[in-house]
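S.K.: Curious how this folds, go ahead:
(one chain, ligands or ions: 1)
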Amino acid sequence: MKHGMTTLRLVVLGAESVGKSAVTVRFLTRRFIGEYNSDKDLLYRSTIKQEDSFIELEILDTCSQKRNSEVPRESHVQWADCFVLVYSICDVKSFEKCKYILKSLQKMKSPFIVPILLLGNKKDLDHRRQVGLDEGHEMAQENSCQFYEVSAAETFMPINIAFQALLKDAKVIQLQKSNILRRRRSSLLNVSRKISAIFGRKDNDVDKKRPSCDVVPDFAMSF
Ligand SMILES: Nc1nc2c(ncn2[C@@H]2O[C@H](COP(=O)(O)OP(=O)(O)OP(=O)(O)O)[C@@H](O)[C@H]2O)c(=O)[nH]1
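M.R.: Residues are numbered from 1 along each chain as shown. Alright, predicted model coming up:
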């Protein structure tokens, strides 16, 4: 294992044809292995360098055509450490869908903080814009998520910046979670040690008080 390696799982969600696959592939250019699962979702695995450490990253690009629901799959939500929600700036319905997905995600992940990146894609089609930049900002602010407008049809860099910002947040939250779990585990261990110390002492005390030879064996009585 490389020094400072973290493992993160990311799910890409959004309405149909907003560019979920396009942004994912743009981010992972030349550094992924992809495979389809039984739902025709595409799972990518890749090692991403971030500052001086590495992230072992799994990305699930969900296939929206078969299930056009606002509620993400429970199995996807439980599997993932972070999410990318994509809408098209030319499709107000896809933006509305992100709103519902955001609410569902927060409900399903509660009480944990969920690292989410909201991506307004197809920025190159500004002449067909239906969703304002300020609307994207507002929704991101209301839901405490990262927000970027990008174009998967254009350059790699803005998409890379957006994904890297999400992964940075996800790493911090994962570290906080594992610290909380470690603390909980060690305090549980302390409690269980204390309990066994108390009961262990009691057992010894009982042993000490027990009379040494109360029971006379049957055969002794016959003499
Ligand atoms: N102009 C433009 N077209 C884009 C952009 N991103 C994706 N597209 C086009 O939008 C269409 C849908 O892109 P996909 O990446 O397949 O979208 P998707 O959300 O993964 O689609 P489904 O999973 O099938 O719902 C394709 O024709 C892409 O070429 C973009 O940034 N700009």
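
S.K.: State the phi and psi torsions of the residue nearest to the spatial centre of the chain.
M.R.: In the chain, the residue lying closest to the centroid (CA atoms, centre = their mean) is Asp81, at 1.1 Å. Dihedral angles of Asp81 (phi, psi; degrees, to the nearest 10) stand at phi -100, psi -20.

S.K.: how close does it get to Val114?
M.R.: Distance, Asp81 to Val114, using CB to CB, to the nearest Å: 9 Å. For every residue, glycine as well, the C-beta is placed using N, CA and C.

S.K.: Same check on Ile55?
M.R.: Remark: distance between Ile55 and Val114 (CB to CB) = 18 Å.

S.K.: quick check: mean pLDDT across the longest helix along the chain?
M.R.: In the chain, assigned by DSSP state H, the helix with the most residues is helix 157-209. Average pLDDT, helix 157-209: 78.

S.K.: Let me know whether it sits next to the ligand.
M.R.: No - figure legend: helix 157-209 not in contact with the ligand (CB under 6 Å from any ligand atom); closest approach 9.3 Å.

S.K.: Counting by contacts, list what that helix packs against.
M.R.: Using 3 or more CB pairs under 8 Å, 6 or more residues apart in numbering; DSSP states H and E, the elements in contact with helix 157-209 are strand 5-14, helix 20-27, strand 42-50, strand 53-61, strand 82-88, strand 116-121, strand 146-149.

S.K.: on that earlier part again, which residues does the residue nearest to the centre of the chain contact?
M.R.: Leu8, Arg9, Leu10, Pro115, Ala170, Ile173, Gln174 (CB atoms under 8 Å, 6 or more residues apart in numbering).

S.K.: quick check, nearest of these to the ligand?
M.R.: Leu10 (14.6 Å; CB to the nearest ligand atom).

S.K.: what sits against the closest one?
M.R.: Leu57, Glu58, Ile59, Leu60, Ala80, Asp81, Cys82, Phe83, Val84, Leu166, Leu167, Ala170.

S.K.: Would you quantify the distance from the residue nearest to the centre of the chain to Lys107?
M.R.: 17 Å.

S.K.: can you tell me which residues contact Val86?
M.R.: Taking CB under 8 Å, 6+ apart, one finds Val12, Leu13, Gly14, Val18, Gly19, Lys20, Val23, Ser94, Cys98, Leu119, Asn121 in contact with Val86.

S.K.: bridging residues for it?
M.R.: Under DSSP bridges, the beta-bridge partners of Val86 are Gly14, Leu119.

S.K.: Any chance of the helices and strands packed on helix 157-209 in JSON lines with mean pLDDT and distance to Glu74 as columns?
M.R.: Formatted as JSON lines, these follow (pLDDT from 0 to 100; distance: least, CB to CB, whole Å):
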{"stretch": "strand 5-14", "mean pLDDT": "92", "distance to Glu74": "12"}
{"stretch": "helix 20-27", "mean pLDDT": "91", "distance to Glu74": "19"}
{"stretch": "strand 42-50", "mean pLDDT": "85", "distance to Glu74": "18"}
{"stretch": "strand 53-61", "mean pLDDT": "90", "distance to Glu74": "14"}
{"stretch": "strand 82-88", "mean pLDDT": "97", "distance to Glu74": "14"}
{"stretch": "strand 116-121", "mean pLDDT": "98", "distance to Glu74": "17"}
{"stretch": "strand 146-149", "mean pLDDT": "97", "distance to Glu74": "24"}
